[in-house]
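Novice: coordinates for the following, if possible.
(chains A, B and C)
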Amino acid sequence: MLKRRTFLKTTGAAAGAAALGFPAVLRAQPKQIKIGAVHPVTGPLAEIGQACRLGAQMAVDAINAAGGIKSMGGAKLVLLPGDSETKPDVARTVAERLINDGAVMLTGAFHSGHTMAMVPVAQQRRVPFLVDISAADVITANVAKSVKEGQQKVQYVYRIFPTTTTFGRRAIQFMNEIFKATGVSPKRAVLMYTNDAFGKPQHEGFLKAHKEQGAPFEVVEVIPFPEVPTDLSTEVSKAKAAKPDIICPITRPASATLLLRELAKQRVDILGVISPGAPGLYEKGQIDALGKLIEYTMDSVPWINPISPKTRKIAEEYAKRSGGKIFDTNSGYSYEAILVMADVLERAKSTDPDVLVEAIRATSMRDPIMVAAGPIRFNEVGDNASASTAMVQILGQKPLVVHPKESAEAKLVFPAPKFWERG
Amino acid sequence: MRWALSLALLVLVILPNFLGSYLLTVFIFIFFYAYLGQAWNLLGGYGGQISLGHAAFVGVGAYTSTYLSMTYKLSPWIGMFIGGAAAALLGGVIGYLGFRFGLRGFYFILLTVAFAEICRLIVSHLEPLGGALGLFITFTGNPWQFQFSDNRSYYYIALGMMLASVAIVGAVERSRMGAYLVAIREDEDASEALGVNAFATKLAAIVLSAFLTGMGGTFYANYLFSLQPNTAFGIPLSVEIILRPIVGGSGTLVGPILGSFILSPLAEVSRAYFARGGLSGVHLIIYGSLLIAVVLFFPRGAYPYLRGLLRRLPRRGAP
Amino acid sequence: MNVTLLGQAALNGLLFGGVYSLMAVGLSLIFGVMRVINLAHGDMMVWGSYVAFFLALRLGVDPFVSFLLCAAALFSLGVLVQRGLVNRVLEAPHEMQILLMLGVALVLENLALVIFGPDTRRTESAYGLETVWLGPVFVDVARLMTFVLALAFSLALYLFLFRSDLGRLIRAAADNSYGALVIGADVGRIYTVAFGIGAACVGAAGALMSALVPFSPAAGFAQTVVSFNIVIIGGMGSLLGAFLGGILVAVAESLGAVLLVPSLKELVSFVLLVLILLFRPQGLFGRKTA
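Specialist: Take a look at the predicted model:
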């Protein structure tokens, strides 16, 4: 048993290095710092998981190309990728294995349930876990609470992604600002969401923000649909019957396709589609497949900062390495997580977990590659206080930031032309 | 044989002192799925009533104890039994309907799938249970909350659960009920002609099987720290539960454990070697091929094959 | 409650039902002849969808034409799976057959992931967005096409099974494999052809459906479950039952989306399934067997 264990360990490290194409390993043997990244690269979430993994890998490559962690003698980062297979028990086991293989920090895991399964691993084994993507508020709040109540000594779990609360607030804020700027005030909105672990809290966050912040429109109908829908025609007919001015969908790629096509087929007469934050409405594959139907669709999502030259360069490289895909929410946040980790290591000058945590807490990272409300800083519960979203609109078959003004790269079009009047 | 088992047990008991947290986790899931597999085995293996909806019992057990713990601060140690009872109740309902209406084979399989899916859909819409978002458990490491800062505690609990399931199912196997179950599996009509009350026997089997599976739900919840209807009631978990006893040899006491000791490490090794970047999915192709290979080469499962092999070995030394 | 909405939902469900029916007919045929539960059914369907997708992307063939090619491709896959694997477990216990088919499903899903990538796809068709309005109600042309073609395919299958010698033998084997043996039929060949045809049905269904519903490598499992529902509701081993069952389930779910919270619409078919199992286990259109 012991023999196999060491065998696993050494071959694991070798395989990791080989996968990176690491010629340096044979030459100078600079110190390596391993980072475990758990994403769902197989199973129903594979599309997103693979984007996340590539984003993280590219960030590691970029940091190494720029000389590694300078304060630690140019130590190179090594990404240990793990596949959660879209299952929580596998996420937990994989996290343990990556730590076993020498990971000093973890990132991941996209699905909130998988992230939750990794939280106790991080806490038990004292390995800082920087959540790249997962929006459920409770993930960090729970750990912060148990530390506050003295059940846990140190918080090892931090997150750079916006929470569902932030999603909701921003969506309403942006919508209000856009309506004011364009002088068009929709009166009736229909909220449609996929009833899963992502769509449910996301729709609640939106409704809560709508109630608290107020908006010119009323949410006249809320329509949840199954997680894996094969047909949304009746849902869209229901929405149409509510006579909406705007449709606010919370989708996944498959449901986004069904939804937009049905809206066009059924000639639903609306001012536009504005999502409070959801995938399926900005990816290259979706744009190619939906063409003019996805044009003018707005989505209030965490997004790459188009104004930053650094981000633009990464986006170009990402397109090359991914075979033409767009550097977006998921690949972007997984990339950013590695940048934050590098920044933390640079300041910590150590891989000691508690020193790392100190450094994480002291983070103030300027010029994030994603749209943000300032430098990346962690608040008392361990969330990125500056995490924000941007209003992205598909214009000329490209997702472009149209709001807020300081990040905007294009002028928004609202109301959108009707589906059947789009040449 | 007896001394070999005692030795194996001794090894398992002292093993955590030599294992890192990762291998502990691997063992924990080996034990846990062996436990669930053994619970399934009682009904599916001995009784021949194959259920592809056992996740429903895990889900009901897990949600019950977690809800009680979060709302009424009831320790999951107690909630575990209530969860088991709730699962047993569900098992009773499914069993009563299914067996009363004489559903056998494939029809029974689909009845269990349908009930699991119905549970999943209902829980996805129950606000107090968090709906589709599910329940999130705060990690405190408090043993009274069924949480531990040391993975070894989970190891011993999972090991204990597995051994308990072996003891319980073993007792059933030796009892009259076990004989009845096997008779029903082999030929239900003939067994009834001989005076076996097939309905009552099958009902008892599903209730006990569901109770044990439901108790496992508490472990599931407090090892993964969140519950979503899609994972806790989903068909993938039901599949996970039945794989091990079938691979090991269903209807045998050793089968679920052997199956778990074969499949979990295989899955883990294929992940460790083939899921480190590069093409994603290769490790699952390999895993799937292994399942196919088991069927082709061990058409009765691994244990009956091993037993046959052992019998054929020349015996050395007199007992 | 709005009558137009209900009518529209019923119509949409009806037209969608064609592909459900075709998918279920394939499953029912395989079960009827071999008594094997094809748990890889939905994954085979996804492969049919991918064939249609790439034929459309590379050669510009409309899925409403290429579905025949997809059926042929899946026929070959079915023959391979039957000859190489299923044939060896025909006498094995249920649970081993289940294990085998779960393995096949896992391999097919992840082979698709490795070869085609994880992205969500949909096959482009010239008729994709056409609608015809009849007053307040509209007819989705793509749905109508899938319905008509699925119906035609099923009809062709029906003619084959009832009018050709091989078809009669397959039916005989479905009724009683011993009987087929007695009259001197080559049961092995019958099984192979039957599995091939079952796979061809689901391949054609996959191609037709890919014009309506986006798919990805992991999309198969849900379809397997739906197929089983339909087959049980319609009547195990009854082809007509499977066909009508498909339409019934599609209409019921569509109406369920109107009458219930739409995210609960799948509940309708599962509840229907339980009721059928309990009160009419031979299915709505199945014959009672001794």
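Novice: need the longest helix for chain B.
Specialist: Across chain B, the longest stretch assigned as helix under DSSP state H is helix B:198-224.
Novice: partner strands of the helix or strand that that one is followed by, with direction?
Specialist: Using DSSP states H and E, the helix or strand that follows helix B:198-224 in sequence is strand B:226-227. Paired neighbours of strand B:226-227 in the sheet (DSSP bridges): strand B:135-136 (antiparallel).
Novice: low-confidence bits of chain C, can you list those?
Specialist: Residues of chain C meeting the criterion pLDDT under 70: C:1, C:176-185, C:287-290.
Novice: at which residues are the strands of it located?
Specialist: Remark: strands assigned in chain C by DSSP state E are C:131-134, C:137-140.
Novice: which among the ones you listed is found nearest to chain A?
Specialist: Across the strands of chain C, chain A has its closest neighbour in strand C:131-134 (5.0 Å, C-beta to the nearest C-beta). Where C-beta positions appear, they are placed from N, C-alpha and C, glycine not excepted.
Novice: so which elements touch the closest one?
Specialist: Judged by 3 or more C-beta pairs under 8 Å, 6 or more residues apart in numbering or on different chains; DSSP states H and E, strand C:131-134 is in contact with strand C:137-140.
Novice: pull the residues that contact the strand it packs on.
Specialist: Contact with strand C:137-140 is made by A:233, A:265-266, C:4, C:7-8, C:11-12, C:15, C:130-133, as judged by C-beta atoms under 8 Å, 6 or more residues apart in numbering or on different chains.
Novice: out of these, which comes closest to chain B?
Specialist: residue A:233 (20.3 Å).
Novice: if we ignore the residues flanking it in sequence, what's nearest that closest one?
Specialist: residue C:12 (4.4 Å; C-beta to C-beta, 6 or more residues apart in numbering or on different chains).
Novice: wait, isn't the one you found in contact with residue A:232?
Specialist: No: counting by C-beta atoms under 8 Å, residue C:12 does not reach residue A:232; the two are 10.0 Å apart.
Novice: chain A versus residue B:171, what's the distance?
Specialist: According to C-beta to the nearest C-beta, to the nearest Å, residue B:171 and chain A sit 29 Å apart.
Novice: just to check, residue B:243 is in contact with residue B:291?
Specialist: Yes: with contact defined as C-beta under 8 Å, residue B:243 reaches residue B:291; the gap is 7.2 Å.
Novice: stretch B:198-208 near chain C at all?
Specialist: No: Stretch B:198-208 lies apart from chain C when judged by C-beta under 8 Å from any C-beta of the partner chain; the minimum separation is 14.7 Å.
Novice: please state the offset of that stretch from the chain centre?
Specialist: 18 Å (C-alpha atoms, centre = their mean, to the nearest Å).
Novice: which parts of the stretch 1-150 of chain A are strands?
Specialist: Taking DSSP state E, counting those that start in this stretch, the strands of the stretch 1-150 of chain A run over residues A:32-39, A:76-83, A:103-108, A:129-131.
Novice: quick one: neighbours of residue 287, just the number.
Specialist: Defaulting to chain A. Taking other C-beta atoms under 10 Å in any protein chain shown as the criterion, the count of residues near residue A:287 is 19.
Novice: actually, chain B is the one I wanted.
Specialist: 21.
Novice: that one contacts residue C:106, doesn't it?
Specialist: Yes: shown here, residue B:287 and residue C:106 form a contact pair, counting by C-beta under 8 Å, at 6.5 Å.
Novice: list the buried residues for stretch A:337-352?
Specialist: Buried residues in stretch A:337-352, counting neighbours by 16 or more other C-beta atoms under 10 Å in any protein chain shown, are found at A:337-345, A:347-348, A:351.
Novice: again but with stretch B:154-164, I slipped
Specialist: B:154-159, B:161-163.
Novice: and stretch B:99-116, by the same measure?
Specialist: Judged by neighbour count (16+ other C-beta under 10 Å), stretch B:99-116 contains these buried residues: B:99, B:103-104, B:106-116.
Novice: hmm, that stretch in reach of chain A?
Specialist: No: on the criterion C-beta under 8 Å from any C-beta, stretch B:99-116 is out of touch with chain A, staying 15.6 Å away.
Novice: any figure for the gap between the nearest residue to residue A:186 once chain neighbours are set aside and residue C:238?
Specialist: What sits nearest to residue A:186 in space, not counting adjacent residues and going by C-beta to C-beta, 6+ apart, is residue A:245, at 3.5 Å. As for residue A:245, its distance to residue C:238 is 49 Å (criterion: C-beta to C-beta, to the nearest Å).
Novice: with residue C:205 instead?
Specialist: Using C-beta to C-beta, residue C:205 is found at 18 Å from residue C:238.
Novice: next one: residue C:34
Specialist: When residue C:34 is compared with residue C:238 (using C-beta to C-beta), they lie 16 Å apart.
Novice: cool, residue A:372 as well?
Specialist: 61 Å.
Novice: compare neighbour counts for the two and give me the winner.
Specialist: More neighbours surround residue A:372 than the other of residue A:372 and residue C:238, with 25 against 22 (other C-beta under 10 Å).
Novice: burial count for the spatially closest residue to that one that is not a sequence neighbour?
Specialist: Leaving aside its chain neighbours, residue A:372 sits nearest to residue A:386 (4.4 Å; criterion: C-beta to C-beta, 6+ apart). Neighbour count for residue A:386, taken as other C-beta under 10 Å: 20.
Novice: same check on residue B:187?
Specialist: Residue B:187: 12 surrounding residues under other C-beta under 10 Å.
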